[in-house]
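Asks: coords please:
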Amino acid sequence: MAAALRSFAPMLFGRPAFGQPVRLAATVFTSPSDFHVHANQCLETLYEKYDALCEDRPATDVSMSDGVLTINLGGAGVYVVNKQSPNQQIWLSSPISGPRRFEFDGAKSAWVCNREGVELLSLLQREIV
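Replies: Just a heads-up that it's a prediction; the model follows:
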């Protein structure tokens, strides 16, 4: 019974089952300020990209405050991207793919999901068109 429930449970939430977590060459920042520099740079880049995109779209809004980026696409849902300083991660809440946690991969110079290995920017580009 327990095995059947484990195999069925991921489908209850409309998401495919995930295998083992992806092993990343995640960067451990040497100081909190180093993490904030990289995380803020990512959030600023996303803010600029999606603020420009939403300028021509009615009923959409992009805002950033205290390390939290909110992309409101009206009827398509709301994305929230924020820094998690204690974990040195960036978290995403997506109305399409759900919650994700991203760690900085120094080899790729990108924030990469620790479950699937997908880059934050690539995921957002796929979902927000």
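
Asks: now this protein, which segments are flagged as low pLDDT?
Replies: Counting by pLDDT under 70, the chain shows low-confidence ranges at 1-27.

Asks: could you redo the last one with a cut-off of 90?
Replies: Per-residue confidence for the chain (pLDDT under 90) gives these ranges: 1-32, 53-59, 75, 106-108, 114-116, 129.

Asks: let's verify the residue nearest to the spatial centre of it: helix, strand, or coil?
Replies: When C-alpha atoms, centre = their mean is applied to the chain, the residue found nearest the centroid is Leu92 (3.2 Å). The three-state label for Leu92, taken from DSSP: H, G, I helix; E, B strand; the rest coil, comes out as strand.

Asks: what sits closest to it if chain neighbours are left out?
Replies: Closest residue in space to Leu92, ignoring its immediate chain neighbours: Arg100 at 4.5 Å, by C-beta to C-beta, 6 or more residues apart in numbering. No exception for glycine: its C-beta is placed from N, CA and C like everyone else's.
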